[in-house]
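Chemist: Okay, predicted coordinates and the sequence, questions at the end:
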Amino acid sequence: MKAIFRPCRLRGRVNAPPSKSMAHRYLIGAALSKEKCVISGVDFSEDILATIDCLKAMGAEIQVAEDTVTVNPEHFMRSDSDVMKCRESGSTLRFFIPLALCAGKRITLQGSPRLFERPLGVYEKLCADNGFEFIKNENSVTVCGNLKSGNYEISGDISSQFITGLIFALVYLGEESSIRISPPFESRSYINLTVSVLKTFGADVEFADEYTIMIRKAKLHSFSGSVEGDYSNAAFLDAFNYIGSEVEIGNLNADSLQGDRIYKEYFEAIAKGTPTLDISDCPDLGPVLIALASLKNGAVLTGTDRLKIKESDRGQAMHEELRKLGGGLVFGDNMITVPRQEFNCNVRLDGHNDHRIVMALSLILSKCGGAIEGAEAVRKSYPSFFEVVKTLGAEVITE
């Protein structure tokens with residue numbers, strides 16, 4: 001799909017889409033609860049559909065009606081299926097590998113080639129240390145093991161998804177366990193989300209100290225509730241306000257634990273000067289911060305190494321597209337400098353099969369016009385993005 005922009009300003013009110021991070025966790029927590037749960041306010045992005053597919057493959061009964069998912073986990077972890085389809089969702093893959101290791105049988109998790117270019121070394125080492133099978137190829141990983149409750153250690157400078165995945169598995173196993181996180185501990189906010197969601201189902205999970213998570217025996221119970229709005233995607237909507245638009249965004253929980261809440265503080269800093277911003281705890285904000293900084297006063301982003309292992313190499317992808325527009329980025333050691341830039345008009349850009357690159361480039365093209373090839377990548381997290389910005393007055397044609 002191609003998205004063709006003319007220069008425009010957006011005006012109006014819109015609700016932030018439901019949080020993808022929270023929806024993953026609520027759906028898996030519902031399966032772990034062993035009781036029927038009803039989760040509303042779900043946006044059926046490609047990533048969430050992948051998690052639903054994997055829950056079904058593991059035996060959970062899933063019913064979908066409008067924005068509501070009913071999870072009946074009576075047969076969860078008792079399925080005969082040995083294949084789980086993760087599509088392009090890194091969260092889904094990393095959340096389900098430890099659960100697959102609890103099944104005591106060989107399970108293959110499939111996905112796109114790009115998905116399996118992303119690191120899985122934490123789980124490969126876990127399997128090697130415990131004598132489990134771990135076979136990875138270009139579009140799948142096959143695991144077989146019998147994971148036990150116990151004490152584990154994980155490096156804190158890798159994706160928090162590995163830690164969350166292990167927490168899910170240890171909660172399922174149901175005996176006392178611990179996870180020791182070796183510093184530096186990045187993306188702590190995502191672990192806070194995991195702990196918070198699991199507690200709503202009755203799990204006894206908590207930080208014993210700054211670097212130790214305790215999982216204790218507990219009887220989980222049913223929970224029904226709604227997924228809160230997503231700060232990660234709201235950032236792409238709010239960014240238009242810093243380049244002349246007037247968009248009011250609802251459905252955001254002011255007390256949310258989402259780490260990407262910090263976007264507002266970062267946007268304000270970019271509006272006022274040329275700040276240095278640490279994105280090690282909020283790497284999903286990288287593309288929109290680069291786009292906004294390039295249109296405003298520039299910025300220096302630190303903690304950028306993890307941008308390399310997302311759906312695309314996000315720093316390099318933004319650099320390539322900014323070069324087409326007449327600009328570019330400067331790369332340092334775990335750092336990207338974003339100059340303030342004047343862009344050429346009506347340039348054809350590429351979305352790099354990355355939802356956040358597409359949305360970040362949309363911000364820029366609302367100022368200078370142009371086209372984005374591969375705009376369908378927004379389906380991964382925000383399927384209605386272009387429909388939403390059109391209702392706000394964006395002059396964009398999708399074809």
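Modeler: Thanks, I have the structure now.

Chemist: Go ahead and list the helix or strand containing Lys390.
Modeler: Secondary structure assignment for Lys390, by DSSP states H and E: helix 385-391.

Chemist: can you pull the buried residues of that helix?
Modeler: Phe385, Phe386, Val388, Val389, Lys390 (16 or more other Cβ atoms under 10 Å). (Each C-beta comes from the backbone N, C-alpha and C, glycine too.)

Chemist: before we move on, what about stretch 216-229?
Modeler: Those would be Leu220, Phe223, Ser226, Val227, Glu228, Gly229, for stretch 216-229 by 16+ other Cβ under 10 Å.

Chemist: neighbouring contacts of it?
Modeler: 15-19, 22-23, 26, 29-30, 32-43, 171, 174-176, 200-205, 250-253, 256, 258 (Cβ atoms under 8 Å, 6 or more residues apart in numbering).

Chemist: Check stretch 203-210 too.
Modeler: 29, 32, 167, 171, 178, 185, 194-195, 198-199, 213-218, 220.

Chemist: Give me the buried subset of those residues.
Modeler: Buried, going by 16+ other Cβ under 10 Å: Gly29, Leu32, Ile167, Val171, Ser178, Phe185, Thr194, Val195, Leu198, Ile213, Ile215, Leu220, out of the contacts of stretch 203-210.

Chemist: Tell me the one of the residues you listed nearest Glu321?
Modeler: Glu321 has its nearest neighbour among the buried ones among the contacts of stretch 203-210 in Phe185, at 32.3 Å by Cβ to Cβ.

Chemist: Please tell me the pLDDT value assigned to the residue lying closest to that closest one once chain neighbours are set aside.
Modeler: Closest residue to Phe185 apart from its sequence neighbours, by Cβ to Cβ, 6 or more residues apart in numbering: Gly156 at 3.5 Å. What the model reports as pLDDT for Gly156 is 90.

Chemist: How about the contacts made by Gly156?
Modeler: Ile181, Ser182, Pro183, Pro184, Phe185, Glu186, Tyr211.

Chemist: Confirm for me that the last one is in contact with Arg180.
Modeler: Just to be clear, that refers to Tyr211. Yes. Taking contacts as Cβ atoms under 8 Å, Tyr211 lies within contact range of Arg180: 6.3 Å.

Chemist: pLDDT check: weakest of the contacts of Gly156?
Modeler: Glu186 (85).

Chemist: Return the distance of that one relative to Ser155.
Modeler: Per Cβ to Cβ, to the nearest Å, Glu186 is found 10 Å from Ser155.

Chemist: for Thr391, same thing?
Modeler: Distance from Thr391 to Ser155, by Cβ to Cβ: 44 Å.

Chemist: returning to that earlier point: out of the contacts of stretch 216-229, which are buried?
Modeler: The buried subset of these - by 16+ other Cβ under 10 Å - is 16-19, 22-23, 26, 29-30, 32-35, 37-43, 171, 174, 200-203, 205, 251-252, 256, 258.

Chemist: quick one: contacts for the closest residue to Asp47 other than its chain neighbours?
Modeler: Excluding its sequence neighbours, the residue lying closest to Asp47 (Cβ to Cβ, 6+ apart) is Ser89, at 4.0 Å. Residues near Ser89 by Cβ under 8 Å, 6+ apart: Glu46, Asp47, Ala50, Thr51, Gly111, Leu115, Lys380.

Chemist: Contact partners for Val389?
Modeler: Leu10, Leu237, Phe240, Ser362, Val396.

Chemist: Let me know the closest of those residues to Ile62.
Modeler: Leu237 (29.5 Å).

Chemist: The closest one is in contact with Val14, isn't it?
Modeler: Yes. Using Cβ under 8 Å, Leu237 makes contact with Val14 at a distance of 6.5 Å.
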